[in-house]
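Participant: okay, here's the prediction I keep looking at, along with the sequence it came from:
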Protein chains: 4
Amino acid sequence: MERNYRLVLSCPDRVGIVSMVSNFISSHGGSITDANQHSDPLSGYFFMRVEIDAQSLPFSLEKLREAFTPIASSFEMEWHISDSSQPKKVVLMASRQSHCLADLLYRYHSKELFCEIPCVISNHEDLRSMVEWHGIPYHCVPVDPANKQAHFDRVDELINEHDADTVVLARYMQILPERVCERYQHRIINIHHSFLPSFVGARPYHQAYDRGVKLIGATCHYVTPDLDAGPIIDQEVTRVSHRSLPDDMVRLGRDVEKLALARGLRWHLEDRVLVHGNKTVVFD
Amino acid sequence: MERNYRLVLSCPDRVGIVSMVSNFISSHGGSITDANQHSDPLSGYFFMRVEIDAQSLPFSLEKLREAFTPIASSFEMEWHISDSSQPKKVVLMASRQSHCLADLLYRYHSKELFCEIPCVISNHEDLRSMVEWHGIPYHCVPVDPANKQAHFDRVDELINEHDADTVVLARYMQILPERVCERYQHRIINIHHSFLPSFVGARPYHQAYDRGVKLIGATCHYVTPDLDAGPIIDQEVTRVSHRSLPDDMVRLGRDVEKLALARGLRWHLEDRVLVHGNKTVVFD
Amino acid sequence: MERNYRLVLSCPDRVGIVSMVSNFISSHGGSITDANQHSDPLSGYFFMRVEIDAQSLPFSLEKLREAFTPIASSFEMEWHISDSSQPKKVVLMASRQSHCLADLLYRYHSKELFCEIPCVISNHEDLRSMVEWHGIPYHCVPVDPANKQAHFDRVDELINEHDADTVVLARYMQILPERVCERYQHRIINIHHSFLPSFVGARPYHQAYDRGVKLIGATCHYVTPDLDAGPIIDQEVTRVSHRSLPDDMVRLGRDVEKLALARGLRWHLEDRVLVHGNKTVVFD
Amino acid sequence: MERNYRLVLSCPDRVGIVSMVSNFISSHGGSITDANQHSDPLSGYFFMRVEIDAQSLPFSLEKLREAFTPIASSFEMEWHISDSSQPKKVVLMASRQSHCLADLLYRYHSKELFCEIPCVISNHEDLRSMVEWHGIPYHCVPVDPANKQAHFDRVDELINEHDADTVVLARYMQILPERVCERYQHRIINIHHSFLPSFVGARPYHQAYDRGVKLIGATCHYVTPDLDAGPIIDQEVTRVSHRSLPDDMVRLGRDVEKLALARGLRWHLEDRVLVHGNKTVVFD
């Protein structure tokens, strides 16, 4: 894999941003290998993602950040630059259901997802063997219904210890405390097993069955303190019929959950997802 | 088109229904050209639709109904038999937006939809020329915001006068009074421009934009007094992105509205939709 | 899981088949839990699949077959009856690419697919550890390009030894000899990585890239001696764009391959796929 | 609609193109309202489309072209600039089947498609009334099987007379002579009723039925002298089953044909389709 720097930014829209950014890059001999931009006329915001061939620049990532800072300031940008050769550290969390976890582990193992997985955290022992086969440490942190706080404290500790860039709730089924959501803002990815905003909360396939919908879905989104209401990264649906009992919906839904989560995580790992307000720009 | 009788029934499930029905038909020499059945283990209900070659039976539709009545009674069936050569009378209602109406008129005109359209009713004059080009009477019944009742009374009258079997709300945008919904139970079809149950009510595409969903949809359903909550016949979705402004969603949504409504109406016209509780069985 | 008998049949269409079959079942007190039929007016053939609650019948599977034989003969049926509680024996074959194999193993392991997997056969060692973790024997049978026959003989032997009902080519990449295809007619399932009949043969994603298609696909089909030309069970597609390089198509294609193969195999295991000529009837 | 200039270009890829183009624009005070670029690493080509707010530039379209010419030359660009307020002139051609023509006329009439339609040309009279209701001249140019040349000469003449920018074959069903294809290179759009490259040539739905595919499709592409082999702009598919007879496929196919053609034409009208070799870059 060639090594790129990824410059990702958003700022109030005005004339000359692209020109300023591309000039900055070309003035240092930088070669742009991919670029996307988006102007949102309703919010008046501008979004950009540029991949620069790292070999074409005469300085390090640190120097690049330093050199870009004045431009970023003058345009009031929110921005970051990452190095494509540095895998993000992703802590996976799951409960008893294994399909999303198994799918992500497979994609990691087969190098489809470029990241490190320092550990998997679960509130049950069920998935230990599968995780350890992949050579990944497994931490079982049970939930004591009488004292959920102990669970969350230990989870928090583990995430910190492993220096996670990103946390993925691969059907974790617990609601993270507000302070964790806020500390890892736009870095916790959840897969909800419905086509949000339909069927927020528990047992969405059963809700879908009761309503008699003809398509079911899954939603990959960033977690916010507000349940199932965070910025949506991706959604996927599949057709069901009157013959689909709740168990069939659960089964059919697993495939769309896996797809939506895997795509969303891939885009996140490649710095393709920009959040503005409660919405995402996805440069896929 | 060959002429068939369509026997459509639902009843509490028990042993021997298929056998009894198929015996009844074959004992009269009837030839089954299509058959579908469905047992719902959760509701304990059984659903069936049979097409019988009309020429293969020695009696008229009326006699067929008479002959079948004892069987229907013994199984406590809700049932009806229709003649495929008798087009249903479908009154179309629209407001100013023409896409669903134009689409249905085209499918009617090109004989893709087999029905009669005795008239189109609208609260605006805008679509008169288009409708009349198809040789269909157009009734403009304006809505006086101070006295909506007059509008609904006249609408009701027109539907009755034209002896409608079915009413289609092709983006009609008014909420029909409860008594009309009830009189034409499971015979008024609406197209709602969202993937229900998301975004009930007004301006669903704007709601979708605000929520930042990645797919938008449309829902074809039977109208009940409870707004946008009736039995769903069909749904369709299409992908949107951060580049999709509300106007783009409106535009992209038109195509899924047309598809969901046309499919739902077709199935309804062919007696393929059975309603049980607030859900449908669709033998497509 | 409740135990059912699955009666699957096809025969020249004529009046009274459904009646005869359903009478036969109900006359023995049999309770039909699911039934599908299809009349193909162009071929003049009739297809039927019935699930009967095994507990509702007074005799064994063997006696049921015996009792049904006269009816089957009088209608010139091709037919079989299987017992839903008896898992089919499925031999999986793969080469180096693991995605389809891993997907099927996961679905087997999580009990989504009801079958036995007596062994996995591959021409490489790469996937041994993954397979053995699932507790399944792994046979590596290398291919000597100078003597492919030795490979196929050993493969044939293994399939026979393990008494396979079904063989799945999960990206096996070798072309089975004609006599194997014929011996296991309609029992060898392949996943081809294109939307057949486009891009038969080698490197279909590269062919797709060269043609500039906007959707790529995968096809699950029964293997016949004619390469990639057997009866199609299922197909799936996904969107690509000018940004999709061949490697991206390979990656995106993996997900549609997995879906099409898993669905096709599931239907096969549940005796939902009937072959007539070079086409399938799928009672999904 | 705000007025934009659309600069569309392709050239061999090298460092500094984006910078040069965006500098050129911003140095004249130009405001970029939308921009897309694509580098194809396999062909080594670069593609770009920029929308510039016409009001933000101090000169006319002509002067803009003049000013940009030196840059274009130095990068060996193929390029053009169009004015979004100038509708393209689109000649529609059809035969007897009306669905694609009716769909395009509706989208034109409802202002979803921004273009002029100076005339419709057909080899039959069937669609005259429908076209003339839209206020568009209708030319019936019959095909004499003994002298097809006369037809094509007259068609050619009409296209020239009406000064067409673009010709759309909305199920025209005749094969245009090579010299017409070449004169209007990348300006004649066809809708083929299959998922190309499957089922080239006549009666593709019947070919699809015979092969037993589980999805059917439609392909919108630029016409080249090589039948059904030109650059693909868009494709769409829909699911079919064993119950789908050829007539059902024809019916279901109509909806995907309409969608693929309407999308492809829209992108073409907005200068979003760039052709390189036999493939397209679509900046949708």
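Facilitator: Done, it's in.

Participant: look at the nearest residue to residue A:141 once chain neighbours are set aside and give its secondary structure.
Facilitator: Nearest non-adjacent residue to residue A:141, counting by CB to CB, 6 or more residues apart in numbering or on different chains: residue A:154, 4.8 Å away. From N, CA and C alone the C-beta is placed, and that goes for glycine too. Using DSSP: H, G, I helix; E, B strand; the rest coil, the structure places residue A:154 in helix.

Participant: and the gap between residue A:154 and residue A:92?
Facilitator: 16 Å (CB to CB, to the nearest Å).

Participant: ok, residue A:181 to residue A:230 distance?
Facilitator: 8 Å.

Participant: the more surrounded of these two?
Facilitator: Ranked by neighbour count (other CB atoms under 10 Å in any protein chain shown), residue A:181 and residue A:230 place residue A:230 first, with 25 against 19.

Participant: so the more buried one sits right up against residue A:220, yeah?
Facilitator: No: taking contacts as CB atoms under 8 Å, residue A:230 lies outside contact range of residue A:220: 10.2 Å.

Participant: which neighbours do the two have in common?
Facilitator: Counting by CB atoms under 8 Å, 6 or more residues apart in numbering or on different chains, the contacts common to residue A:230 and residue A:220 are residue A:190.

Participant: then residue A:186 would be within a helix, right?
Facilitator: No: according to three-state DSSP, residue A:186 belongs to no helix; its state is coil.

Participant: neighbours of it, how many?
Facilitator: Neighbours of residue A:186 using other CB under 10 Å come to 16.

Participant: quick one, phi psi at it?
Facilitator: Residue A:186 adopts backbone torsions of phi 60, psi 20, taken as degrees, to the nearest 10.

Participant: tell me the confidence at it?
Facilitator: You'll see residue A:186 listed with a pLDDT of 97.

Participant: repeat for residue A:126
Facilitator: Reported pLDDT for residue A:126: 97.

Participant: what's the answer for residue A:106, then?
Facilitator: Reading off the model, residue A:106 has pLDDT 98.

Participant: residues from chain A in reach of chain C?
Facilitator: By CB under 8 Å from any CB of the partner chain, the residues of chain A that approach chain C are A:98, A:99, A:102, A:103, A:106, A:110, A:112, A:133, A:251, A:254, A:255, A:259.

Participant: right, and the fourth one touches residue A:262 too?
Facilitator: Put plainly, it is residue A:103. Yes: Residue A:103 lies in contact with residue A:262 (CB under 8 Å); the separation is 6.1 Å.

Participant: list residues touching both of residue A:181 and residue A:230?
Facilitator: A:223, A:224.

Participant: on that earlier part again, so which of the residues of chain A next to chain C comes closest to chain B?
Facilitator: If you rank the residues of chain A next to chain C by distance to chain B using CB to the nearest CB, residue A:259 comes first, at 12.4 Å.

Participant: looking only at pLDDT, what's the mean for the strand or helix carrying that closest one?
Facilitator: Secondary structure from DSSP states H and E places residue A:259 in helix A:246-269. For helix A:246-269, mean pLDDT is 98.
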